[in-house]
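Asks: need coordinates for the following:
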Amino acid sequence: MPVVLVDGGSGSGKSTFARSIVAQWAANRPGEEVSLVRLDDIYPGWDGLEVAALQLSDDLLVPLAAGQPGRWRRWDWTTGAPAEWHEVDPATALVVEGSGALGRTSRALATLGVWVELDATERRRRAIARDGELYESNWDRWAEQEARFAAREHPDRLADVVIDGRSITQ
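Replies: Take a look at the predicted model:
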């Protein structure tokens, strides 16, 4: 089954775009399941982009590529601790969205890579409007992780499709 990875900086519109893929899949393929995995549910806290990117490949995509169930572990942001595991059936289409989704290892295990491009000023405006003061105080911390990942992995170059985030209405 197809595996689609949607990456982009925080606030770019990747979550909205990923939900639209899932909705279109459901509308065009009645009876076929599609799973949506959000890296926001996996990041182990504000410093967890790299860990989540590794878990995505090791625990979810590698097993799926071998025809085995993949899994991911939810991070409980309230308690600051790992929570329950979720399993993904290899017979189910999968859309994964989040910063860090589109790296060299994960792209090799996916059908399609999508990068959502949007300038940093507009991304920040959108993210703070969406998530408020808590995110504002962590914006720089998170943006540094995104920048390190992008400098090493070049997700924009790994993408098969680049979407202009301005075209995605939140």
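Asks: all contacts plus neighbour counts: C-alpha atoms, from now on.
Replies: OK.
Asks: please enumerate the strands of the protein.
Replies: For the chain, strands defined by DSSP state E occupy the ranges 3-8, 34-38, 70-76, 81-88, 93-97, 112-117, 161-164.
Asks: do you know how far the closest residue in space to residue 159 that isn't next to it in sequence is from residue 4?
Replies: Excluding the flanking residues, the one nearest residue 159 by CA to CA, 6 or more residues apart in numbering is residue 113, at 4.5 Å. Per CA to CA, to the nearest Å, residue 113 is found 6 Å from residue 4.
Asks: domains in the chain, by residue range?
Replies: 1-35+105-130+155-165, 37-88 (automatic domain parsing).
Asks: what's the end-to-end length of the first one?
Replies: Distances were taken as CA to CA; on that basis the terminal residues of domain 1-35+105-130+155-165 are 27 Å apart.
Asks: what does the helix or strand of the chain with the lowest mean pLDDT contact?
Replies: The weakest-scoring helix or strand in the chain, judged by mean pLDDT, DSSP states H and E, is helix 133-136 (a mean of 85). Contact with helix 133-136 is made by 127-128, as judged by CA atoms under 8 Å, 6 or more residues apart in numbering.
Asks: could you shift the numbering so residue one becomes 12, and keep it that way?
Replies: Sounds good: first residue 12 from here, last item helix 144-147.
Asks: ok now it, how far from the chain's centre?
Replies: 20 Å (CA atoms, centre = their mean, to the nearest Å).
Asks: who touches the residue nearest to residue 170 in this structure?
Replies: 15-18, 113, 118, 169-172.
Asks: returning to that earlier point: most packed of the strands of the chain?
Replies: strand 14-19 (a mean of 27; mean count of other CA atoms under 10 Å).
Asks: just the angle between it and strand 123-128, please?
Replies: Strand 14-19 and strand 123-128 are oriented at 10 degrees to each other (axes from the mean of the first three to the mean of the last three CA atoms, to 10 degrees).
Asks: average pLDDT for strand 14-19?
Replies: For strand 14-19, mean pLDDT rounds to 98.
Asks: tell me the strands beside it, with direction?
Replies: strand 104-108 (parallel), strand 123-128 (parallel) (DSSP bridges).
Asks: residues contacting that strand, please?
Replies: Residues outside strand 14-19 that contact it (CA under 8 Å, 6+ apart): 25, 29, 104-113, 118, 120-128, 166-167.
Asks: coming back round to it: redo the strands paired with strand 14-19 as a markdown table? Include mean pLDDT and distance to residue 68.
Replies: A markdown table is the format used below for the strands paired with strand 14-19 (pLDDT from 0 to 100; distance: least, CA to CA, whole Å):
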| stretch | mean pLDDT | distance to residue 68 |
| --- | --- | --- |
| strand 104-108 | 97 | 11 |
| strand 123-128 | 98 | 14 |
